[in-house]
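K.L.:
only geometry, no sequence info:
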Ligand code: ARG
């Protein structure tokens, strides 16, 4: 049997394998709510514009609502031979309301329909990702406020560099997430033009009101060029790019959690709720959720790369290649949602081991820069010379196997005779972080102020 939606000129149905490669219903059934929303807006406009009689509009509207109810109730049967969600909905509508259903597709095409459905889905998803990212920011800002004074080693090259506070480290991720949210909002603002009414590619001869359907679906305006309307998947690409950057951010924090929860670092503790055991090694507490957040960045970046390659070189306007936009986009944005939720759970759950962090912050001559700065400030040495003197003192301490603060005053004075007792005040990690009061620096007062600022803004 030929296809009942488009089979007029076909004598027989598709080959089995043709049907299998062609069908998208297996994954685009997720667009059912958006598809019905779009059809309701379209048919209302057809009525208002006098293109369809009021009785047909009423019948189609009632029918679309029954289809929606069936899908929500799980009683709707999706059939592969109906290819995709658009034809599945229309076919069921025909069974419910009869021939009037055939008028719904006046002045539109599956090409503008699918672009509209996908935009609606991506828009809804960007909104909820934004909310989830805000939730993670709140959890981080709360931790930051509580640990504004908890010192830890700050790293460059994963070598102890200078002491920082745990709160400051949390706030770094709050800033990254703020940029991620900005990218979600930018993508949303740019996608918010309605393709519906572009029809197959050239527009339509019916006197449709594209401004009305755009407004009914919450778009800012209709798209301006019908070819571009059905050929554009920038909105999916841009959202995947924003999602990829966010996922990469989360993967960095996830990696830190993996390292920090190891027995060798033991910087933070995750409760039983966020760790798993090993089936053979009873001592293990594995940070699986953090590892999976780290790993899922792979499939998210993969979806972006995949769709870029699908779109590359496609001639205008619509090509069936574009049906491949769906699985990757659905999967990636859903994965990011899961990552944000898991990360929020871990941030709320984790407890820093303050004593271990403080000890680690003081080791590795992490206050050497403070000593050099003191030599500049108090003795007026040029920074390069101060760097050299400090280097000699670090060498002396390391040869004795002690910390800088454990060198005696005479030992210090061998490197620079004008050093006084006062130098010891800057060698403690607490003094070190408290002195970093420059804007954006790690001083506890700064951290408290910024954390509180974020908490207020996110409320
Ligand atoms: N399932 C198709 C897709 O997702 C819908 C559009 C089909 N358009 C067409 N001309 N065959 O891209």
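P.N.:
Looks like it arrived, so ask away. Computed from a predicted structure; not experimentally measured.

K.L.:
and stretch 297-312, average pLDDT?
P.N.:
Average pLDDT, stretch 297-312: 98.

K.L.:
same question, stretch 199-206
P.N.:
pLDDT averaged over stretch 199-206 gives 98.

K.L.:
first vs last residue of it, how far apart are they?
P.N.:
Stretch 199-206 stretches 11 Å from its first residue to its last (CA to CA, to the nearest Å).

K.L.:
the ligand contacts on the stretch 1-150 of the chain?
P.N.:
24, 28, 84, 110, 111, 114 (CB under 6 Å from any ligand atom). All C-beta atoms are positioned from the backbone trio N, CA, C, and that covers glycine.

K.L.:
the last one: what's its closest spatial neighbour, skipping adjacent residues?
P.N.:
So the one you mean is residue 114. residue 86 (6.7 Å; CB to CB, 6 or more residues apart in numbering).

K.L.:
just the buried residues of the longest helix along the chain, please?
P.N.:
Counting residues, the longest helix in the chain under DSSP state H turns out to be helix 110-146. By 16 or more other CB atoms under 10 Å, the buried positions in helix 110-146 come out as 110-123, 125-126, 129-130, 132-145.

K.L.:
residues of stretch 93-100 that come out buried?
P.N.:
93, 94, 96, 97, 100.

K.L.:
sorry, back to before: is it true that the residue nearest to residue 114 touches residue 111?
P.N.:
No: taking contacts as CB atoms under 8 Å, residue 86 lies outside contact range of residue 111: 10.0 Å.

K.L.:
what about residue 313, which SS state?
P.N.:
Following DSSP: H, G, I helix; E, B strand; the rest coil, we place residue 313 in the coil state.

K.L.:
phi and psi next, for it.
P.N.:
Main-chain torsions, residue 313, degrees, to the nearest 10: phi 80, psi 0.

K.L.:
please apply the same query to residue 193.
P.N.:
Dihedral pair for residue 193: phi -120, psi 140, per degrees, to the nearest 10.

K.L.:
would you confirm that it contacts residue 223?
P.N.:
Yes: taking contacts as CB under 8 Å, residue 193 lies within contact range of residue 223: 4.5 Å.

K.L.:
quick one, which of these two is more surrounded?
P.N.:
Neighbours were counted for residue 193 and for residue 223 using other CB atoms under 10 Å; residue 223 has more, 23 against 18.

K.L.:
show the contacting residues for that one.
P.N.:
Listed by CB atoms under 8 Å, 6 or more residues apart in numbering, the contact set of residue 223 reads 193, 194, 195, 198, 229, 232.

K.L.:
would JSON lines of those with distance to residue 177 and secondary structure be doable?
P.N.:
Listed next are the contacts of residue 223 as JSON lines, based on distance: CB to CB, whole Å; DSSP: H, G, I helix; E, B strand; the rest coil:
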{"residue": "193", "distance to residue 177": "27", "secondary structure": "strand"}
{"residue": "194", "distance to residue 177": "30", "secondary structure": "strand"}
{"residue": "195", "distance to residue 177": "31", "secondary structure": "coil"}
{"residue": "198", "distance to residue 177": "36", "secondary structure": "coil"}
{"residue": "229", "distance to residue 177": "33", "secondary structure": "helix"}
{"residue": "232", "distance to residue 177": "28", "secondary structure": "coil"}
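
K.L.:
can you name the two of those that are farthest apart?
P.N.:
194 and 232 (11.9 Å; CB to CB).

K.L.:
between the two, who's got more neighbours?
P.N.:
Taking other CB under 10 Å, residue 194 and residue 232 do not tie; residue 194 has more neighbours (27 against 23).

K.L.:
am I right that the more buried one is in contact with residue 216?
P.N.:
No: under the criterion of CB under 8 Å, residue 194 is not in contact with residue 216, lying 9.0 Å apart.

K.L.:
tally of neighbours for residue 165?
P.N.:
Per other CB under 10 Å, the neighbour tally for residue 165 reads 29.

K.L.:
give me the phi and psi angles of it.
P.N.:
Per-residue torsions, residue 165: phi -110, psi 150 (degrees, to the nearest 10).

K.L.:
tell me who's in contact with it.
P.N.:
147, 148, 149, 150, 151, 152, 433, 442, 444, 447.
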